[in-house]
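[1] let's see this in three dimensions:
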Amino acid sequence: MKVISKTGHGMVIEPLVTIIIPALNEEKTIGSCLEKVRAGCIKHNIPFEIIISDSSTDATPEIARSFGARIIHPDKKGYGNAYLAAFPMAKGEIVVIGDADDTYDFSLISELIRPIKEERADMVIGSRLKGKILPGSMPWLHQYIGNPLLTRLLNFTFHSNFSDTHSGMRAIRKDALQRLSLHTGGMEFASEMLIEAAKKGLRVEEIPITYYPRKGPSKLHSFADGWRHIRFIMLIRPLRFLIVPGLLFILLGFSLMVGVGLIKSVELQGLHSFILGDILVLGGLQFLLSGVVMKSYSVTHQLDDCGPWFTQILQYKTLEKLLFIGVLFMILGFTSGIYILSQWITVSGPLTQITNAVLSLSSVIIGLQIIFTALHVSMMLLQCERDGCSGFMG
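    Sure thing, here's the model as predicted:
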């Protein structure tokens with residue numbers, strides 16, 4: 001506990017803990033949450049402050065003020081935006097976050113922050129899946145499918161070992177919080193926070209908690225919110241989800257096309273296998289280039305570091321070379337296509353150069369894929385340059 005000043009009315013105590021609660025029309029539950037905060041902190045002699053990041057149109061802010069909470073109003077709605085607006089306001093050495101729907105027991109703040117106070121952890125997560133989920137608290141789809149699958153996906157991707165990546169009750173040292181690069185404004189903020197913690201090497205500990213039924217309608221959107229988390233993970237790690245599978249598809253498709261051409265006559269016996277191989281090549285290239293675009297987005301929007309290998313791609317010179325390669329593929333495809341068409345007109349019979357026609361069309365498609373990828377990434381670099389984040393560009 002720190003005394004920051006003395007006045008004629010006594011000492012002004014700097015809070016040890018800042019409790020930040022985002023709220024959107026939670027007048028039925030905000031009072032209960034804040035009563036538990038106050039009871040838990042007073043019982044264990046914890047100096048505290050409460051910040052409500054509020055976007056409500058009901059009586060939520062008035063109720064919160066009656067408990068001595070500071071009210072701020074984020075410029076944008078959204079789970080992540082609520083926290084991003086409130087974090088700079090925190091005065092405590094430890095920041096505790098949780099929802100305003102009374103599904104978490106804030107009277108247990110002392111247990112949540114104990115590993116941090118004992119210097120065993122930089123961040124603590126209240127794990128519902130290690131604790132107890134009361135009947136009616138969580139839809140079975142979330143409890144048995146959504147949360148476990150998304151947790152395993154994040155753990156697999158970032159080599160972490162969390163049990164409940166979407167728990168809203170967490171505590172973190174303020175200096176550790178300031179090391180995290182947090183940007184997302186929606187529900188994916190929950191994943192971003194843990195991904196950043198894993199990337200920055202924070203010591204994270206989990207404690208079991210009880211999850212209670214909420215008293216009002218849920219504001220979660222199962223599939224939309226789930227997709228936000230998956231999309232964010234793919235943005236940060238497209239190599240694993242898109243680039244590597246794309247390379248494998250290209251290799252498999254090319255091997256199939258060459259193998260069919262060497263073993264049998266494509267037009268007479270292997271046309272279907274040849275076309276399948278061609279589709280695999282085109283699909284694999286689309287995977288690969290989509291991964292490049294997603295990685296470019298995450299870097300230019302400061303969601304992830306560039307890394308040495310990708311720095312070479314995010315150069316105007318490299319993108320100009322890609323444009324040139326794409327144009328060459330298109331010229332090759334159009335030239336061969338015109339030749340095939342002229343031969344077809346000359347013989348006035350059925351088209352016999354099916355293999356060449358497939359390769360010609362594929363060459364045009366590959367050229368278009370490469371050209372539009374280079375243009376898309378170039379536009380992101382231009383935007384990034386305008387915003388002043390051009391340190392990796394050349």
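[2] so who does R231 touch?
    By CB atoms under 8 Å, 6 or more residues apart in numbering, the residues touching R231 are E188. Placement of C-beta: from N, CA and C, glycine included.
[3] so how many other residues sit close to S336?
    18 (other CB atoms under 10 Å).
[4] contact partners for it?
    So S336 contacts 356, 359-360, 363 (CB under 8 Å, 6+ apart).
[5] so after the helix or strand it falls within, what's the next helix or strand?
    Following DSSP states H and E, the helix or strand that holds S336 is helix 316-347. Next along the chain after helix 316-347, taking DSSP H and E as the criterion, comes helix 354-386.
[6] just checking, what packs against that next one?
    In terms of contacts (3 or more CB pairs under 8 Å, 6 or more residues apart in numbering; DSSP states H and E), helix 354-386 is packed against helix 271-300, helix 316-347.
[7] measure how that helix sits relative to helix 271-300, angle-wise.
    Between the axes of helix 354-386 and helix 271-300, defined by axes from the mean of the first three to the mean of the last three CA atoms, to 10 degrees, the angle is 0 degrees.
[8] could you find the closest non-adjacent residue to the residue nearest the centre of the chain?
    For the chain, the residue nearest the mean C-alpha position is F232 (2.2 Å; CA atoms, centre = their mean). Distance criterion CB to CB, 6 or more residues apart in numbering; nearest residue to F232, sequence neighbours excluded, is E188 at 4.1 Å.
[9] quick check: that neighbour vs L24, distance?
    17 Å (CB to CB, to the nearest Å).
[10] for V266, same thing?
    Using CB to CB, one gets 61 Å for the distance from V266 to L24.
[11] which elements pack onto the strand ranked longest in the chain?
    For the chain, the strand that runs over the most residues, judged by DSSP state E, is strand 123-133. Judged by 3+ CB pairs under 8 Å, 6+ apart, strand 123-133 is in contact with helix 109-117, helix 147-158, strand 170-173, strand 204-211.
[12] nearest to K132, of these?
    Relative to K132, the nearest member of these by CB to CB is strand 204-211, separated by 4.6 Å.
[13] which SSE is immediately downstream of the closest one?
    With DSSP H and E, the next secondary element past strand 204-211 is helix 222-236.
[14] picking that back up, now, of the helices and strands packed on strand 123-133, which is deepest in the fold?
    Ranked by mean neighbour count under mean count of other CB atoms under 10 Å, those are led by strand 170-173, which reaches a mean of 24.
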